[in-house]
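In: need a 3D model of the following:
(2 chains)
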Amino acid sequence: MNRSDAGKVDYFTFCFETTAKDKQTKLLIKAVKLILRLFFDENVVFELLLALKEAVNNVVEHAYRSLDVGEPKVKVKLQIFPYQFILFEVIDWGKEFVFASNMPDLVNSSGRGIYIMQKIMDKCEYKRQDNRNHIIMKKQWRLNND
Amino acid sequence: MTDMMSVEQKQDVVVIKIKGELILEHVEELKTKLFPLLQEEYKAIILDLSEVEFMDSSGIGFLVSLNNQAKQLNKHLLLLNPSKEVIKTLKLVNIYHFFEKIDEVDEYLTLVE
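Out: Model (predicted):
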């Protein structure tokens, strides 16, 4: 996509929704990867996917733990504003959680997910709204990491 | 998933090659397969990560707990040729220096001879 094409559209919105389980979310991430590849080089795609994977892992691992819900769901909204920025919104209907970004000790085997999201993205916020969790992540437009 | 791991024994060292994605979905199975190997007579466990294409924080956690466990048992855990994706992810969380790395299995074998 070149700059003149980009001028013709304001933005793209892609929405994905699936069961918040391993197999389904793995496929969801792969679908997002295909879209990101249309816009960014492999290094940028790698970083964006890692941030998204951490947000989705958080839902799969924690949001619905010990909750009696029929079908745990996760929704991912991806918005691309060419030459401006990219937005991810990850939504679940599970329980509220603490969005702590403290980096654990070297020997700790967990707790690095949120730190990774914040390190990769320019902005990362959590909000609880209408019994839903929203993680919103924004990154300024970079075609590559050079 | 089973195809993503192969095990090879070289002298008193076990070399485990992990391919593909070292992520949440695979970590439990890897733990079940690898942790019992730590209890065996091997002096060192070498993890070949040259063909790992993607790793998340669960993958990092897996490497950290394997390393902790190895240390407790007085064994070495070495990362063999980690891929650029693995290096990038470990550096992102400032933990790359925490692991011993080698370029070839012989490098370790020569070291302990």
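
In: packing partners for the helix or strand where B:Glu25 lies?
Out: In this assignment (DSSP states H and E), B:Glu25 forms part of helix B:24-38. Packing partners of helix B:24-38 (3 or more Cβ pairs under 8 Å, 6 or more residues apart in numbering or on different chains; DSSP states H and E): helix A:22-36, strand B:5-10, strand B:13-22, strand B:44-55, helix B:57-72. Bear in mind the C-beta positions are built from the backbone N, C-alpha and C, glycine included.

In: turn these into JSON lines, columns for mean neighbour count.
Out: Below are the helices and strands packed on helix B:24-38 laid out as JSON lines (neighbours: other Cβ atoms under 10 Å in any protein chain shown):
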{"stretch": "helix A:22-36", "mean neighbour count": "16"}
{"stretch": "strand B:5-10", "mean neighbour count": "13"}
{"stretch": "strand B:13-22", "mean neighbour count": "20"}
{"stretch": "strand B:44-55", "mean neighbour count": "21"}
{"stretch": "helix B:57-72", "mean neighbour count": "20"}
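
In: and these: which comes nearest B:Leu79?
Out: strand B:44-55 (5.4 Å; Cβ to Cβ).

In: thinking again about what came up before, redo the helices and strands packed on helix B:24-38 as JSON lines? Include mean pLDDT.
Out: As requested, the helices and strands packed on helix B:24-38 are exported to JSON lines (pLDDT from 0 to 100):
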{"stretch": "helix A:22-36", "mean pLDDT": "96"}
{"stretch": "strand B:5-10", "mean pLDDT": "90"}
{"stretch": "strand B:13-22", "mean pLDDT": "95"}
{"stretch": "strand B:44-55", "mean pLDDT": "96"}
{"stretch": "helix B:57-72", "mean pLDDT": "95"}
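
In: with distance to A:Asn58 added, can I get the ones you listed in TSV?
Out: Output for the helices and strands packed on helix B:24-38, formatted as TSV (distance: least, Cβ to Cβ, whole Å):
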stretch	distance to A:Asn58
helix A:22-36	11
strand B:5-10	26
strand B:13-22	18
strand B:44-55	16
helix B:57-72	10
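
In: quick one: neighbours of residue 103, just the number.
Out: In the absence of a named chain, this looks at chain A. A:Met103 has 16 neighbours, counted by other Cβ atoms under 10 Å in any protein chain shown.

In: hmm, I had chain B in mind actually
Out: 9.

In: returning to that earlier point: nearest to A:Asp130, of the helices and strands packed on helix B:24-38?
Out: Nearest of the helices and strands packed on helix B:24-38 (Cβ to Cβ): helix A:22-36, 22.3 Å.

In: ok, and what's touching that closest one?
Out: A:14, A:16, A:18-19, A:44-45, A:48-49, A:52-53, A:56, A:59-60, A:74, A:76, A:78, A:80, B:23-25 (Cβ atoms under 8 Å, 6 or more residues apart in numbering or on different chains).

In: kindly recompute the last result at 10 Å.
Out: Helix A:22-36 has contacts (Cβ atoms under 10 Å, 6 or more residues apart in numbering or on different chains) with A:12, A:14, A:16-20, A:42, A:44-50, A:52-53, A:56-57, A:59-61, A:72-76, A:78, A:80, A:86, A:88, B:21, B:23-26, B:28, B:54, B:56.

In: quick one, what contacts the residue nearest the centre of chain B?
Out: Closest to where the C-alpha atoms of chain B average out (Cα atoms, centre = their mean) is B:Leu47, at 3.0 Å. Contact analysis of B:Leu47 by Cβ under 10 Å, 6+ apart lists B:14-18, B:22, B:34, B:62-63, B:66-67, B:77-82, B:86, B:99.

In: how about the residues of chain B near chain A?
Out: Near chain A, the residues belonging to chain B are B:21, B:23-28, B:53-58, B:60-69, B:71, B:84-85, B:88-89, B:92-95, B:97-98 when assessed by Cβ under 10 Å from any Cβ of the partner chain.
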